[in-house]
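Visitor: Curious how this folds, go ahead:
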Amino acid sequence: MRPIKLRMSIVIVCILTFATVHAQTKVENKKIVKVLSFNILGGRTTKGDFNLDVLAKLINDADPDFVAMQEVDYKVNRSKKYDLATELGWRTKMAPLFARAMYYDGGEYGEGILSKLSFLSTRNVALPYISGQEPRAAIEIVAELPSKDTIAFVGTHFAHEGNAGRELQAKKINEVFSKNKYPTILAGDLNATPGSGPISILEEVWEATYDKENPEPTHPSDGPRVKIDYIMFYPKDRWKIIERVVIKDTIASDHCAYLVTLELLSE
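Guide: Numbering: from 1, shown residues only. You can find the predicted model right below:
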């Protein structure tokens, strides 16, 4: 009887092991992407100090796969000559990338991306702007998910000076990134409210992730009144919204961070 019991035990263990491995593989292969849009205020907190550990904690707690950062300084005097994207990449153990929008205060100023995945390709797209206003840019990475699907992730920051500049930038975003051959996520501080010209232009191409019946505000962080931080996707039929969260941290930045979990759908 003992050999039979032993063989039965071995069979049961094998079945359980297979089921566990199969379940783990199924979870690992699921095409889930967590994306964070975060205006980092040049590394300065709302207390007026320079504290990258506060920013890194918010990012680590959110646990995103990709982060689009705005107001990113690169070796700027006001930020102690730090390369903010690289510093935050080191603190979060994510791959960093910086894209210049303009030269500023002894260094450069623009967009940043943090990624849990390596980059297949990157590019920095200069956006049109009105003379006398700040130049703007869109930073893009292309990456392969654990499911072996390839996607693009774009971070940007629209003009703060008025809708005219933002509308030019929205049209350029549509023109450039609607040609992508991979499913694409767009994230950033767009300095425009739902229903405004720039957002309406983007939504001709992109699907927004916010609740259009009740948009949750993202600015200012100490008492949010307006929604100006967004995550969108294209094509509209390739992504499913799983969860969206506005992270209300009153110290890390004057913007709330916006976290969205998406599932990539099959063609």
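Visitor: that's a strand at I59, yeah?
Guide: No: counting by DSSP: H, G, I helix; E, B strand; the rest coil, I59 falls outside a strand, being helix.
Visitor: which residue packs closest to it, ignoring adjacent ones?
Guide: T92 (5.1 Å; CB to CB, 6 or more residues apart in numbering). Where you see a C-beta, it was placed from the backbone N, CA and C, and this is true even at glycine.
Visitor: For that neighbour, give me its contacts.
Guide: Shown in contact with T92 (CB atoms under 8 Å, 6 or more residues apart in numbering): 56, 59-60, 67, 114.
Visitor: Check which helix or strand G165 maps to.
Guide: Element membership for G165 (DSSP states H and E) is helix 163-177.
Visitor: In CSV, list the C-alpha atoms belonging to that helix.
Guide: These are the backbone C-alpha positions of helix 163-177, laid out as CSV (Å, rounded to 0.1, in the frame of the first residue of the first chain):
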residue,chain,number,x,y,z
ASN,A,163,-5.1,77.9,-25.4
ALA,A,164,-3.8,79.1,-28.8
GLY,A,165,-0.4,77.5,-28.2
ARG,A,166,-1.9,74.4,-26.7
GLU,A,167,-4.1,73.9,-29.7
LEU,A,168,-1.0,74.0,-32.0
GLN,A,169,0.6,71.5,-29.8
ALA,A,170,-2.4,69.2,-29.7
LYS,A,171,-2.6,69.2,-33.5
LYS,A,172,1.1,68.3,-33.8
ILE,A,173,0.7,65.4,-31.3
ASN,A,174,-2.2,64.1,-33.4
GLU,A,175,-0.3,64.5,-36.6
VAL,A,176,2.9,62.7,-35.4
PHE,A,177,1.7,60.0,-33.1
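Visitor: Show me what it is packed against.
Guide: Secondary-structure packing of helix 163-177 (3 or more CB pairs under 8 Å, 6 or more residues apart in numbering; DSSP states H and E): strand 121-127, strand 136-144, strand 150-157, strand 184-189, helix 197-202.
Visitor: Let me have these in CSV, extended by mean neighbour count and distance to K227.
Guide: Output for the helices and strands packed on helix 163-177, formatted as CSV (neighbours: other CB atoms under 10 Å; distance: least, CB to CB, whole Å):
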stretch, mean neighbour count, distance to K227
strand 121-127, 15, 21
strand 136-144, 22, 19
strand 150-157, 24, 15
strand 184-189, 26, 11
helix 197-202, 20, 9
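Visitor: Any chance of JSON lines for those, columns mean pLDDT?
Guide: Putting those into JSON lines (pLDDT from 0 to 100) gives the following:
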{"stretch": "strand 121-127", "mean pLDDT": "98"}
{"stretch": "strand 136-144", "mean pLDDT": "98"}
{"stretch": "strand 150-157", "mean pLDDT": "98"}
{"stretch": "strand 184-189", "mean pLDDT": "98"}
{"stretch": "helix 197-202", "mean pLDDT": "98"}
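Visitor: Quick one: closest of the ones you listed to A85.
Guide: Among the helices and strands packed on helix 163-177, strand 136-144 comes nearest to A85, with 9.7 Å by CB to CB.
Visitor: circling back to that earlier point, mind putting the helices and strands packed on helix 163-177 in JSON lines, distance to V226 included?
Guide: Formatted as JSON lines, the helices and strands packed on helix 163-177 follow (distance: least, CB to CB, whole Å):
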{"stretch": "strand 121-127", "distance to V226": "22"}
{"stretch": "strand 136-144", "distance to V226": "19"}
{"stretch": "strand 150-157", "distance to V226": "16"}
{"stretch": "strand 184-189", "distance to V226": "12"}
{"stretch": "helix 197-202", "distance to V226": "12"}
